[in-house]
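Asks: Okay, sequence plus prediction incoming.
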Amino acid sequence: MNSGLEVRNLQKHFGGIVVANDICLDLKPGDRKALIGPNGAGKTTFANLLTGTLVPERGSIRLNGADIMHLKESKRVRAGVAKTFQITTLFKAMSVRENIRLPILEREGKSLNWLAPSTSFPEVESEIGRLLAQFRLESFADVKVQDLAYGQQRLVEMALTLALKPGILILDEPSAGVPTGDAHIIVDAIERLPEELAVLIIEHDMKLVFRVASRIIVLVNGAVLLEGTPGEIAHNQQVRDLYLGARHDR
Ligand SMILES: Nc1ncnc2c1ncn2[C@@H]1O[C@H](COP(=O)(O)OP(=O)(O)OP(=O)(O)O)[C@@H](O)[C@H]1O
Ligand SMILES: [Mg+2]
């Protein structure tokens, strides 16, 4: 059964502050949903509850019908719930190709052999080639990550995450820190993600959100204020007052 992720009634406090208040969300194969909301609304906290970085006080998370709440973070990744690697976890002195090789070897249980000549695993090298092409990184394959522009480093993060072959992909602010002029490469990469992947995009850049998301969830004070199509969200007065301001440019 490939029914995706079903999140029900997640509750979490930090001290006296409720950061997840009865959150429900469905993420089905092929979905492109965005989670928006003001700073401190609880978006990253929610992502961390999904990945298992944080444990909720109550609620349930099911993946393709199976309860995954008891699974630790590493096991949830193996089950198919992945959040993008953070830039700090990239091996910056290594090339793009070498970075992408690591999660593939890890996934294939070949990580003990990661110092072996790459030609030992031609299927791994061809998968790296496909990921490089998907993220338009072919010409940077042998460039050290530290020598890439920031936007391209973020593409490498996405490529590494996809190398784990997740069914559910969570992108937490994929365009943060990327110069405005380069934001299109992030949009392009999101648009080229595998069609059947379920994607949750947490993002402040409304232009990006309205471009890539078919549904938008607005989170305020840890609670879902509303979920709707981009049109419904853009025209909702409560959202405009609370978060988007008087206008947004579509
Ligand atoms: N580890 C923690 N311990 C205590 N409070 C925390 C912790 N992490 C986050 N918070 C608080 O929980 C609330 C939600 O934070 P969170 O980072 O989830 O918000 P966010 O919606 O991702 O914000 P942003 O848009 O700024 O990334 C905030 O009030 C934050 O200060
Ligand atoms: Mg955040």
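Replies: Right, received. Where do you want to start? Ligands and ions are numbered 1, 2, ... in the order given.
Asks: Please report how far residue 83 lies from residue 168.
Replies: Separation of residue 83 from residue 168 (C-beta to C-beta, to the nearest Å) stands at 9 Å. C-beta here means a position set from N, CA and C on the backbone, and glycine is covered the same way.
Asks: Can you give me every residue that contacts residue 49?
Replies: 10, 12, 20, 55-56, 61 (C-beta atoms under 8 Å, 6 or more residues apart in numbering).
Asks: Got phi/psi on it?
Replies: Per-residue torsions, residue 49: phi -70, psi -40 (degrees, to the nearest 10).
Asks: Check what pLDDT it gets.
Replies: Here the pLDDT value assigned to residue 49 is 98.
Asks: Residue 112 too?
Replies: Model confidence at residue 112 (pLDDT) stands at 56.
Asks: repeat for residue 244
Replies: For residue 244, pLDDT reads 53.
Asks: rewinding a little: any of the contacts of residue 49 buried? List them.
Replies: 10, 12, 20, 56, 61 (16 or more other C-beta atoms under 10 Å).
Asks: Now intersect these with the strands, please.
Replies: 10, 12, 20, 61 (DSSP state E).
Asks: In contact with the first one, which residues are there?
Replies: Shown in contact with residue 10 (C-beta under 8 Å, 6+ apart): 20, 22-24, 46, 49, 56, 58-59, 61.
Asks: ok, for it, nearest residue in space, not its chain neighbours?
Replies: Take residue 10 and drop its neighbours on the chain: the residue closest to it by C-beta to C-beta, 6 or more residues apart in numbering is residue 59, 3.6 Å away.
Asks: same thing with the second one?
Replies: Nearest non-adjacent residue to residue 12, counting by C-beta to C-beta, 6+ apart: residue 20, 4.0 Å away.
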